[in-house]
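# Structure here, sequence nowhere to be found:
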């Protein structure tokens with residue numbers, strides 16, 4: 001979510017006539033990421049390019065939903081991955097329900113959860 005990084009990808013998106021740029025919040029501080037996103041969001045809005053923030057295991061659904069609601073922009077939404085939030089101990093039902101109002105992109109994949117052969121852990 002570093003502003004210079006996102007603005008670089010906004011420029012690439014414009015060159016490609018893309019309407020969406022996907023990113024992840026990779027640091028623990030979601031508030032800091034929100035400040036960074038707020039600083040560049042007007043550029044995305046002016047370009048008509050949506051910033052899609054993907055869910056993953058570092059931040060629970062409620063935190064990401066709160067961030068997106070706080071941004072309050074049609075050009076900031078969620079790239080929903082149906083598996084990523086397992087790292088935050090959240091299943092697809094919880095993630096979809098919490099992020100549905102903000103979904104602008106969707107990743108669907110097959111996955112399997114299995115127990116290791118020794119049945120421990």
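All right, it came through fine. The structure presented is a predicted model; accordingly, all values stated were derived computationally and were not measured.
# Now do the biggest helix by length in the chain: everything it contacts.
The residue-count maximum for a helix in the chain (DSSP state H) belongs to helix 30-47. For helix 30-47, contacts defined as Cβ atoms under 8 Å, 6 or more residues apart in numbering pick out 1-3, 6-7, 10, 13-14, 21, 25, 27, 50-51, 53, 59, 63-64, 67, 70-71, 73, 75-76. The way it works is simple: take the backbone N, C-alpha and C, and place the C-beta from them, glycine included.
# Hmm, residue 94 is touching residue 61, no?
Yes - shown here, residue 94 and residue 61 form a contact pair, counting by Cβ atoms under 8 Å, at 6.1 Å.
# which residues do the two both contact?
Shared contacts of residue 94 and residue 61, counting by Cβ under 8 Å, 6+ apart, come down to residue 85.
# Let me know the secondary structure of the closest residue to residue 54 other than its chain neighbours.
Nearest residue to residue 54 in three dimensions, chain neighbours excluded: residue 79, at 4.1 Å (Cβ to Cβ, 6 or more residues apart in numbering). Secondary structure, DSSP: H, G, I helix; E, B strand; the rest coil: residue 79 is strand.
# how much does the helix or strand that contains residue 5 deviate in direction from helix 30-47?
Per DSSP states H and E, residue 5 falls inside helix 3-15. Helix 3-15 runs at 30 degrees relative to helix 30-47, counting by axes from the mean of the first three to the mean of the last three Cα atoms, to 10 degrees.
# C-terminal to helix 3-15, what's the next element?
strand 20-24.
# Check which helices and strands that next one sits against.
Applying 3 or more Cβ pairs under 8 Å, 6 or more residues apart in numbering; DSSP states H and E, one finds that strand 20-24 contacts helix 3-15, strand 50-54, strand 103-107.
# most tightly surrounded among these?
strand 50-54 (a mean of 22; mean count of other Cβ atoms under 10 Å).
# Please read off the pLDDT at residue 120 from the model.
At residue 120, the model reports a pLDDT of 74.
# quick one: contacts for residue 57?
84-88.
# Give the full set of residues in contact with residue 86.
When contacts are counted by Cβ under 8 Å, 6+ apart, residue 86 touches 57, 113.
# Right, I'll leave it there.
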